[in-house]
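Student: sequence first, then the predicted structure:
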Amino acid sequence: MHRRFCVLLQLAMVLPACLGFGSAAEAKVSPVPVPWELQSSAYSVLVNGKPIDVAHAAADYDYISIESTSGVTISITAKEAGFWDRGVDIQPWRLGLRPVRKGDTIQFKLKDPVKLSISRPGDFLNHAKMLFVFLARPSVPPAKPPAGFHVIGPGVYHNSLNPKSGETYYLAPGAVIFGSINLWQVENVKVLGRGVVVYDGPQNPEDDDGWMQRRDWHCIGALQAHKIEIHGLTCLVRSRTWSIQMKDSGGFLYDDLRVIGGNPGNANQDGMDWLGGGDTTVSDSFFRASDDVFAVQGNWDGYGHDAMVKPGQDVANITIDRSVLSTSISNIVRAGWPEKRFNSRNFTLKNSDILHGGIGSCGLPFALFTFWGASGASGSHSGYTFENLWMDDWYSLFQIEQEQPGLRGFTFRNIWALDQPPLVGSQVQGQVKDIRVENVKYGHALVTSNTNLPATVAGGAEEPKYSPGDRSVHAAFQVSPAVLQPGVTAIFSAAETTNPKVRYTWLFGDGTTARGQNVRHRFTDAKGTQLDGTDANGSGDFRVLLHVEDKEGHEDWAEQNVAVVGHWHDVGDQDPTIGLTPEAAAKATSPGLEYRIYPGTWPQMPNFTREVPTINGITANLTSANARGFTRFAVAYDGYLNVPAEGGYTLHVLARDGARLVVDGIVVAQTGPPFSEVCGSPGNAVRYANGTIGLRAGRHVFRLEVLETISPGSARLMWQGPGIRLTDVPTEAFSHRNIASVQARPGAPVSSVGP
């Protein structure tokens, strides 16, 4: 339904009728109305037992928006049967949320305003089905609106907003505009409220036209605009264009902004771009982009050489604070571009959650931060700070390159990377100096050198400087006993600090919390934080976090994955040394693994039982199988994994074209389908998967299947378990059967391992 804009230039008493709602005191919980044009049927949602509408954003992304003066209980039922069978992933992980699941319904409680992403574990690329949850305090319009104050009431409008200098627009909850907000050579403009702008423009879905500076070309577009405030707005971007673009503009304040973008091409849909200007603050906001979440450039007038080398304007003084950031591809922050010539300074990203931090490469691998100053790029760039950040699914920390005259002053402080290692290494190249890495932690481990970042330094760049940061609020902990099962009491002990006034907060990954330096806790099940523990594995991985803080606001975090074993996998006859004399046992196995090569281009993991290998051999590890010149093949490694002590083991697999790990006949981890890198970068991105299994000490049947059809390079296998921090599985943990020796044992099987 089309409605004209409701412009309030009369008495303040008219306002409630125009807006369609009463005061905040009348309702404790108020879902933001969703017109039928935006309604989605993918989920049914109850808030405090009452149904609310779900809105469709873009791609396969939906969202709910709730205003409440207190906490709420949310129940979400997926329309697709068995939707949650693979597990439930609620991010940010640092909140420690874990729902109760009953069939296709999950339920959890929220106490405070949050911005959440809910999906299945590992499902965050362009075609992922994701539900975003926004819980906020009620918005209240001005009681006595001044002249130039415009109110847009609930309803659907097919008109762009073109504010004039000095105007204020209030978009009431339920107001939906199909169009753009054009801030063209204006100043002192405000856009307030809980309204939605849906941008679905005419851009070519197969190409990048999104950079253009045009009216009605972005959700929010600004040209030479100054002193702008935008509060509470939701931008839904469905076409292949940059979501928010500011050219030669400054003095912007964005607060409680929600930007959700998705397009079939999965590209060229930045969250927010500065083309000259800056002086911008972004706070308490949410971004889901299909490219760089934030991009800093001096100008952008096309992809031709002449446009690229045209000098751009300075970009300075940008702060992003207390925000939640996600991208299906590319970087969280990217500055510079090959050939580009401009200067930048004073960029800060702080106190924010990184939900999905890039995957793949565009020239340089994607990262939390990339500066790509190649092919003659020039400019002075300094004062980039990244601090107090939590990273969930992420790719690498930084990729920094510049030719002339140089980059300086890059600080990475209090970066807490949760649950996984970096998938690719960081790098610094060219005229780069003064990089500081202070208290950057992977889970529980502090990054102290280029080796364990890891990072490569080349082309005259200065070595980064590493520091543990403020140790008075240092977070680290131990768990005992080393082996946990449901119902077993565990003791969690935080390390001593030099500050006697710190507070210790524990989030156990099962939805419960505790306070104190030393606490006791029992896990009631073995399904893991993401409810992905299966009947086959019978064990789950809980993401346990410790938060240490003092009254001055200094803080530190530590994270460990704690395996809880619900079912043991015994070695039994799987260990060929069982029942043999020591002398015979020593001869029953040999170091290394058997491998089989299956030449061909495999788009997905084949059924190896139906294939005949061309090459067989023995390899010491997962990197030295001899493919004898074949460059496109599948390889299966078979043998034993020698487990040093019984307990819950979490195994991590990293591979570009695809990999599947099988232990004792159980699929423990399998990477997602191949994901192509972009911008001409060869091969596929590194994919990651993990799984947890309870293993008795001894040899367990091991099989790793890997595709090497597009991207050269072997898979990487890591583990953690009792007494073992996350590390690569060592070569000495692999062995294979010496068939001639095993035949001496009565009743021993003699067929080779594998198909």
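Tutor: Happy to help now that I have it.
Student: domain map for this protein?
Tutor: As assigned by automatic domain parsing, the chain contains the domains 12-136, 160-470, 473-565, 569-742.
Student: which one of those domains lies closest to residue 146?
Tutor: Nearest to residue 146 among the domains of the chain is domain 160-470; the distance by C-beta to C-beta comes to 7.5 Å. For the C-beta atoms, the positions are set from N, CA and C on the backbone; glycine is no exception.
Student: quick one on the thing from earlier: could you tell me the least trusted of the domains of the chain?
Tutor: Mean pLDDT is lowest for domain 12-136 out of the domains of the chain, coming in at a mean of 88.
Student: show me what the lengthiest helix in the chain is packed up against.
Tutor: As assigned by DSSP state H, the longest helix anywhere in the chain is helix 582-588. Packing partners of helix 582-588 (3 or more C-beta pairs under 8 Å, 6 or more residues apart in numbering; DSSP states H and E): helix 739-742.
Student: now the longest helix of the chain, how far from the centre of its chain.
Tutor: On the basis of C-alpha atoms, centre = their mean, to the nearest Å, helix 582-588 sits 48 Å off its chain's mean C-alpha point.
Student: distance from the helix or strand just after it to the middle of the chain?
Tutor: Where DSSP states H and E defines the elements, the next helix or strand beyond helix 582-588 is strand 589-591. How far strand 589-591 lies from its chain's middle: 40 Å, per C-alpha atoms, centre = their mean.
Student: can you map out the helices along the chain?
Tutor: Here the chain has its helices, by DSSP H, at 15-19, 305-309, 582-588, 739-742.
Student: centroid-nearest residue for this protein?
Tutor: Geometric centre of the chain, nearest residue: residue 356, 1.8 Å, by C-alpha atoms, centre = their mean.
Student: that one contacts residue 395, doesn't it?
Tutor: No. In this structure residue 356 lies outside contact range of residue 395 using C-beta atoms under 8 Å: 9.1 Å.
Student: how about residue 696: what's its closest non-neighbour residue?
Tutor: Nearest residue to residue 696 in three dimensions, chain neighbours excluded: residue 646, at 4.7 Å (C-beta to C-beta, 6 or more residues apart in numbering).
Student: hang on, that neighbour packs against residue 695?
Tutor: Yes. Residue 646 is within contact range of residue 695, at 6.6 Å (criterion: C-beta under 8 Å).
Student: the two: who's more crowded?
Tutor: Set side by side, residue 646 and residue 695 show more neighbours around residue 695, with 26 against 20, by other C-beta atoms under 10 Å.
Student: all strands of the stretch 401-550 of the chain, in order?
Tutor: Assigned by DSSP state E, counting those that start in this stretch, the strands in the stretch 401-550 of the chain fall at 426-442, 445-446, 455-458, 465-467, 477-480, 489-494, 503-507, 513-515, 518-522, 539-549.
Student: deepest of those strands, which one?
Tutor: Highest mean neighbour count of those: strand 539-549, a mean of 25 (counted as mean count of other C-beta atoms under 10 Å).
Student: distance from that one to the middle of the chain?
Tutor: So, by C-alpha atoms, centre = their mean, the centroid of strand 539-549 is 17 Å from its chain's centroid.
Student: check stretch 115-127 too.
Tutor: With C-alpha atoms, centre = their mean, you get 8 Å for stretch 115-127.
Student: buried ones in that stretch?
Tutor: 115, 116, 117, 118, 119, 120, 121, 122, 124, 125, 126 (16 or more other C-beta atoms under 10 Å).
Student: name the residues of the longest helix of the chain that are buried.
Tutor: Using 16+ other C-beta under 10 Å as the test for burial, helix 582-588 gives 585, 588.
Student: also stretch 567-578?
Tutor: Here stretch 567-578 shows 567, 568, 569, 571, 574, 575, 576, 577 as buried, counting by 16+ other C-beta under 10 Å.
Student: over to stretch 393-405?
Tutor: Judged by neighbour count using 16+ other C-beta under 10 Å, the buried positions of stretch 393-405 are 393, 394, 395, 396, 397, 398, 399, 400, 401, 402, 403.
Student: now distance to residue 529 too, for those, in TSV please.
Tutor: Shown next, in TSV, are these (distance: C-beta to C-beta, whole Å):
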residue	distance to residue 529
393	14
394	17
395	21
396	24
397	24
398	28
399	30
400	33
401	37
402	40
403	45
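Student: out of those, who's nearest residue 305?
Tutor: Checking these against residue 305 with C-beta to C-beta, the nearest one is residue 403 at 16.2 Å.
Student: residues contacting the residue lying closest to that closest one once chain neighbours are set aside?
Tutor: Residue nearest to residue 403 in three dimensions, not counting chain neighbours: residue 430, with 5.3 Å by C-beta to C-beta, 6+ apart. Applying C-beta atoms under 8 Å, 6 or more residues apart in numbering to residue 430 gives the contacts 373, 401, 402, 403, 406, 407, 459, 460, 461.
Student: pick out the most distant pair among those.
Tutor: 373 and 460 (13.5 Å).
Student: just name the most buried of the domains of the chain.
Tutor: domain 160-470 (a mean of 21).
Student: that one: end-to-end distance?
Tutor: 50 Å (C-alpha to C-alpha, to the nearest Å).
Student: go on, stretch 496-507?
Tutor: Counting by C-alpha to C-alpha, you get 19 Å between the two ends of stretch 496-507.
Student: against residue 391, how distant is residue 354?
Tutor: Counting by C-beta to C-beta, to the nearest Å, the gap between residue 354 and residue 391 amounts to 4 Å.
Student: which neighbours do the two share?
Tutor: Joint contacts of residue 354 and residue 391 (C-beta under 8 Å, 6+ apart) are residue 368.
Student: help me confirm that residue 442 comes into contact with residue 422.
Tutor: Yes. Between residue 442 and residue 422 a contact is recorded at 7.4 Å, counting by C-beta under 8 Å.
Student: now do the contacts for the nearest residue to residue 34 once chain neighbours are set aside.
Tutor: With sequence-adjacent residues excluded and distances taken as C-beta to C-beta, 6+ apart, residue 34 is closest to residue 53, at 3.8 Å. Each residue near residue 53 by C-beta under 8 Å, 6+ apart is listed here: 31, 33, 34, 39, 64.
Student: surely the third one meets residue 54?
Tutor: Pointing back at residue 34 there. Yes. Using C-beta under 8 Å, residue 34 is in contact with residue 54, at 7.1 Å.
Student: related to what we said a few turns ago, give me the common contacts of residue 646 and residue 695.
Tutor: Joint contacts of residue 646 and residue 695 (C-beta under 8 Å, 6+ apart) are residue 568.
Student: measure residue 287 to residue 669 for me?
Tutor: On the measure of C-beta to C-beta, residue 287 and residue 669 end up 30 Å apart.
Student: over to residue 572?
Tutor: As judged by C-beta to C-beta, residue 572 and residue 669 stand 23 Å apart.
Student: ok, now residue 242?
Tutor: Residue 242 sits 36 Å away from residue 669, going by C-beta to C-beta.
Student: one more: residue 298?
Tutor: 44 Å.
Student: show me what contacts the spatially closest residue to residue 269 that is not a sequence neighbour?
Tutor: Once flanking residues are discounted, residue 269 sits nearest to residue 290: 3.9 Å by C-beta to C-beta, 6+ apart. Residues in contact with residue 290 (C-beta under 8 Å, 6+ apart) are 59, 126, 261-263, 265-269, 327-329.
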